[in-house]
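K.L.:
Predicted model and sequence follow; I will ask about them next.
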Amino acid sequence: MTTLDSTVIDTPAGPLSVLTDPDGAVRAAGFTADPATLLPLMHPSLRGDLHPRTDLGPVGRAVASYLDGELTAIDTVPVRQHTGGPFMGHAWAVLREVPPGGPVTYTGFAARAGRPLAVRAAAAACARNAVALFVPCHRVLRTDGTLGGYRWGLPVKSWLLAHEQGRVPAMTPS
């Protein structure tokens with residue numbers, strides 16, 4: 001079984017757990033203090049035994065830079081997810097192209113992905129995303145511009161969006 005390096009990074013939005021593979025690609029990330037809770041989000045073929053580390057090198061530096069205001073620092077961090085089909089992988093790649101501070105609606109996301117009528121498929125790509133922050137599903141809003149859902153909670157989504165819009169939000173992690 002593969003060994004996955006894991007760490008928890010303190011952020012103003014709460015603890016961010018990150019799991020990386022031996023090549024340094026992020027296989028799972030989410031706003032939780034317990035990295036093990038990320039394992040069920042991953043495809044079984046990508047899971048492994050967790051090896052806690054205090055520092056994940058380039059991944060940790062990218063997150064720190066993002067939090068310091070260099071919002072594109074996370075864009076080039078390699079990620080690895082099981083697509084389950086051609087649209088899902090393409091949709092995740094498209095999400096990585098949504099610029100910080102420029103959220104899109106689910107309808108807009110579906111159109112960007114080349115399937116303007118596939119709004120439900122676009123929403124499913126957000127829901128199945130196991131590498132939060134690095135594949136920024138938090139940048140997708142409901143058609144009316146409201147937040148909609150987010151696996152890690154609406155306060156986290158709201159903080160991330162405000163951070164990316166240059167507003168320094170106050171947030172007490174829950």
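P.N.:
Yes, it's here.
K.L.:
For the residue sitting nearest the centre point of the chain, give its distance to residue 24.
P.N.:
In the chain, the residue lying closest to the centroid (Cα atoms, centre = their mean) is residue 132, at 1.6 Å. The gap separating residue 132 from residue 24 is 18 Å, by Cβ to Cβ, to the nearest Å. Just so you know, the C-beta spots here come from the backbone N, C-alpha and C atoms, and that holds for glycine as well.
K.L.:
next one: residue 78
P.N.:
With the distance defined as Cβ to Cβ, residue 78 ends up 7 Å from residue 24.
K.L.:
Which residues are in contact with the residue of the chain most remote from its centre?
P.N.:
Going by Cα atoms, centre = their mean, the residue of the chain most distant from its centre is residue 1, 24.6 Å out. By Cβ atoms under 8 Å, 6 or more residues apart in numbering, the residues touching residue 1 are 47-49.
K.L.:
Could you rerun that using 6 Å?
P.N.:
Applying Cβ atoms under 6 Å, 6 or more residues apart in numbering to residue 1 gives the contacts 48-49.
K.L.:
Quick one: end-to-end length of stretch 38-50, please.
P.N.:
Terminal residues of stretch 38-50 lie 11 Å apart, using Cα to Cα, to the nearest Å.
K.L.:
Run through who's touching it.
P.N.:
Outside stretch 38-50, the residues within contact range by Cβ under 6 Å, 6+ apart are 1-4, 6, 17, 19, 27-28, 30, 35, 82, 130.
K.L.:
Secondary structure element holding the closest residue to residue 112 other than its chain neighbours?
P.N.:
In this structure, residue 112 finds its nearest non-sequential neighbour in residue 94, 5.2 Å apart by Cβ to Cβ, 6 or more residues apart in numbering. Element membership for residue 94 (DSSP states H and E) is helix 86-95.
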